[in-house]
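Participant: Quick one: sequence plus predicted model below, questions after.
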Amino acid sequence: MGHMNSPISTPRGYAPRIEAEPETGRPRHEFAMVFTSTPRGARLARKLVSHRLDAWGHPYGSRVNDTLTLITAELTANAVRHGHVSGQDFHVRLIHDTDTVRVEVTDSRPERLPVLSGLEPPGDAESGRGLQMVAGLATRWAVAPCEDAPGKTVWAELRLA
């Protein structure tokens, strides 16, 4: 079998970390990984988020798994389409706290901020509805500039209760 190029640029953060929340001492799960800024990298990110959620007790097909997998698909597709800088990867971080799960997608284009328009794209438009979907599915979402490098992080949270 021939060698297949992996869409993962660095396995950094692949193993989940379990830390204690400072306020409660309860476990907190975290998963982080770097992916190549390609459609294949976005697909792998979506699949790994779904897999990690399943491992954390949110089975495939559950509301939490389906919703966050869909949100991740949109945010990673946007990172590839709108946040791509040649030679730069995107980062995905998944954080499971007591009452929320948060997905963060970081890319290298700070000047290309996502904007949620109140206007519906034309009926035959192939894009333009993704952030409306994220806003409708997530409990809350936002974009923040990176503090230590050029780029931005788009994140979305889902309340578990």
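Facilitator: The structure has been received and is ready for your questions. Predicted model, so just to flag it, every value in this text is computed and none were measured. Numbering: from 1, shown residues only.
Participant: what's the span of stretch 79-99 from first residue to last?
Facilitator: 27 Å (Cα to Cα, to the nearest Å).
Participant: list the buried ones in that stretch?
Facilitator: Of the residues in stretch 79-99, those with enough neighbours to count as buried (16 or more other Cβ atoms under 10 Å) are 79-80, 83-84, 88-97. Placement of C-beta: from N, CA and C, glycine included.
Participant: Among the residues you listed, list the two that are farthest apart in space.
Facilitator: Pairwise distances among the buried residues of stretch 79-99 were taken by Cβ to Cβ; the largest, 30.2 Å, belongs to H84 and D97.
Participant: Can you check which helix is longest in this structure?
Facilitator: When every helix of the chain is counted residue by residue (DSSP state H), the longest turns out to be helix 63-82.
Participant: For the strand ranked longest in the chain, which helices and strands make contact with it?
Facilitator: Longest strand in the chain by number of residues, with DSSP state E as the criterion: strand 27-36. Under the contact definition 3 or more Cβ pairs under 8 Å, 6 or more residues apart in numbering; DSSP states H and E, strand 27-36 sits against strand 17-20, helix 39-55, strand 89-96.
Participant: before we move on, back to that, switch the buried residues of stretch 79-99 over to JSON lines; also include pLDDT and distance to R28.
Facilitator: Compiled in JSON lines, the buried residues of stretch 79-99 are given as follows (pLDDT from 0 to 100; distance: Cβ to Cβ, whole Å):
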{"residue": "A79", "pLDDT": "95", "distance to R28": "24"}
{"residue": "V80", "pLDDT": "95", "distance to R28": "29"}
{"residue": "G83", "pLDDT": "90", "distance to R28": "27"}
{"residue": "H84", "pLDDT": "89", "distance to R28": "31"}
{"residue": "Q88", "pLDDT": "93", "distance to R28": "29"}
{"residue": "D89", "pLDDT": "96", "distance to R28": "25"}
{"residue": "F90", "pLDDT": "97", "distance to R28": "23"}
{"residue": "H91", "pLDDT": "97", "distance to R28": "19"}
{"residue": "V92", "pLDDT": "98", "distance to R28": "17"}
{"residue": "R93", "pLDDT": "96", "distance to R28": "12"}
{"residue": "L94", "pLDDT": "97", "distance to R28": "11"}
{"residue": "I95", "pLDDT": "96", "distance to R28": "7"}
{"residue": "H96", "pLDDT": "95", "distance to R28": "7"}
{"residue": "D97", "pLDDT": "93", "distance to R28": "6"}
